[in-house]
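Engineer: quick check, what structure comes out for this input:
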Amino acid sequence: MTLSGSHLPLYPPINAEFHLCRQLPLPWVYLAAWMTVKDEGHYIPEWLEYAEMMGVQRVYIYDNNSTDFTSQLLEPYVQSGFVVHINWPFSPTMGMQQAGLNDALWRFGDLSAWMLCIDPDEFPISTDGRTLASRLQEWDHHYVSAVGLVEYKFGTSGHVKRPRGLVLENYVRRLRTCSEFVRSDELEQCPSFRQLRMSKMVVNTRNSHLLYIHFPRIGLSYNRTDVFEPPKYHARFGRRDEVVSYPVLAGFRLHHYKTKSMEDWFVRRVSRLRASGKPPYSNNISQYHDVHYNEVIDHTALTFVPELKRRLYARYLAKPQMSSKVPSIASLFLGL
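Structural biologist: All right, here's what the predicted structure looks like:
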């Protein structure tokens with residue numbers, strides 16, 4: 001299904017038609033996902049296949065004026081019902097990403113129990129072989145607004161130009177975290193950007209009502225204060241009862257492929273506005289923490305590469321009508 005954001009109301013109307021305009025011809029699923037994309041044709045199919053492996057049953061893609069071949073690559077997923085492709089042509093300076101997130105929660109929240117809120121350069125990596133859906137079932141009967149994913153930041157792995165093949169196989173070097181320092185003096189002086197933190201979340205659609213990119217603002221908090229901290233006052237985001245804490249999802253890590261190759265870093269970070277609407281980065285990567293993201297070799301995600309390649313081959317290369325639309329598809333995903 002493909003929808004146009006320019007024809008959708010940004011805010012729900014407060015009248016009797018409120019529930020009627022939410023009723024789209026989509027079946028209920030247990031786990032959905034949401035993301036905004038812009039020119040992610042080189043990478044989005046890999047993410048979608050991996051998400052399906054992890055138990056995601058539908059993905060809401062809010063497309064912010066992509067000009068590459070993203071739409072062509074999404075065709076088989078749209079036709080199968082796995083992807084709902086939404087044209088979302090709003091400027092980042094208008095709060096494009098957060099508006100899209102809350103639009104999805106309002107419009108599609110009743111159609112799933114959980115919604116993974118994520119970016120296309122982030123992969124929820126299973127560390128024990130279990131799917132994301134099976135892990136979430138452990139939280140079905142807890143009053144939580146969300147469960148969080150702890151972020152590990154990956155760098156260029158020495159790639160200057162965009163390499164052939166998959167993200168999960170090409171980028172295996174990441175930032176060393178504070179917990180990986182051995183000397184006590186290093187631990188004491190460990191800077192904040194090395195500390196493990198929850199960066200993205202899987203939202204409980206029944207208990208969350210307003211979302212920021214990294215946390216729910218209004219919802220129900222987990223109440224075991226002996227394990228998790230209770231809600232705290234946040235100077236930027238409001239009163240004590242508005243910002244809620246949420247627990248870490250065990251068995252999963254968030255691999256954030258923040259830079260990819262230097263070619264990708266320049267295109268994504270320097271040549272266009274950030275999703276938050278802030279100005280682009282400088283073209284000197286040494287000014288940012290990104291320069292440190294190649295310190296540790298991490299092969300955790302490699303176990304999923306063979307199955308991903310098999311799925312991508314079956315999805316695209318086995319169908320000449322698809323491969324003819326994107327001639328470089330074999331090199332994009334399979335390194336052929």
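
Engineer: which is the next helix or strand following the longest helix seen in the chain?
Structural biologist: If you go by DSSP state H, the chain has its longest helix at helix 96-108. Sequence order places strand 112-117 as the next helix or strand after helix 96-108, per DSSP states H and E.

Engineer: note down every partner strand of that following strand and its orientation.
Structural biologist: Here strand 112-117 has these sheet partners by DSSP bridges: strand 29-37 (parallel), strand 198-204 (antiparallel).

Engineer: specify the angle between it and helix 96-108 in degrees.
Structural biologist: If you take axes from the mean of the first three to the mean of the last three C-alpha atoms, to 10 degrees, strand 112-117 sits at 170 degrees to helix 96-108.

Engineer: isn't Val150 right up against Pro247?
Structural biologist: No. Applying C-beta atoms under 8 Å as the test, Val150 and Pro247 come out as separate, 11.1 Å apart. C-beta here means a position set from N, CA and C on the backbone, and glycine is covered the same way.

Engineer: buried ones in stretch 246-258?
Structural biologist: Neighbour counts over stretch 246-258 (16 or more other C-beta atoms under 10 Å) mark 246-247, 249, 251-258 as buried.

Engineer: helices and strands of the chain: which one has the lowest mean pLDDT?
Structural biologist: In the chain, no helix or strand scores lower on mean pLDDT, DSSP states H and E than strand 216-219, which sits at a mean of 57.

Engineer: which ones are touching the closest residue to Met198 other than its chain neighbours?
Structural biologist: Excluding the flanking residues, the one nearest Met198 by C-beta to C-beta, 6 or more residues apart in numbering is Gly148, at 3.2 Å. By C-beta atoms under 8 Å, 6 or more residues apart in numbering, the contact list for Gly148 reads 198-202, 215, 246-249.

Engineer: so who does Thr177 touch?
Structural biologist: Per C-beta under 8 Å, 6+ apart, neighbours of Thr177: 152, 194-196.

Engineer: of those, which is the most crowded?
Structural biologist: Top of the contacts of Thr177 by neighbour number is Tyr152, holding 21 neighbours under the definition other C-beta atoms under 10 Å.

Engineer: what's the angle from the strand or helix carrying it to strand 198-204?
Structural biologist: Per DSSP H and E: Tyr152 is located in strand 146-154. Orientation of strand 146-154 against strand 198-204 (the same axes, to 10 degrees) gives an angle of 150 degrees.

Engineer: which strands or helices does the very next helix or strand once past strand 146-154 pack on?
Structural biologist: Sequence order places helix 167-170 as the next helix or strand after strand 146-154, per DSSP H and E. When contacts are defined as 3 or more C-beta pairs under 8 Å, 6 or more residues apart in numbering; DSSP states H and E, helix 167-170 sits against helix 44-53, helix 305-312.

Engineer: kindly reformat those helices as JSON lines containing distance to Tyr60 and mean neighbour count.
Structural biologist: As requested, the helices and strands packed on helix 167-170 are arranged in JSON lines below (distance: least, C-beta to C-beta, whole Å; neighbours: other C-beta atoms under 10 Å):
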{"stretch": "helix 44-53", "distance to Tyr60": "12", "mean neighbour count": "22"}
{"stretch": "helix 305-312", "distance to Tyr60": "21", "mean neighbour count": "16"}
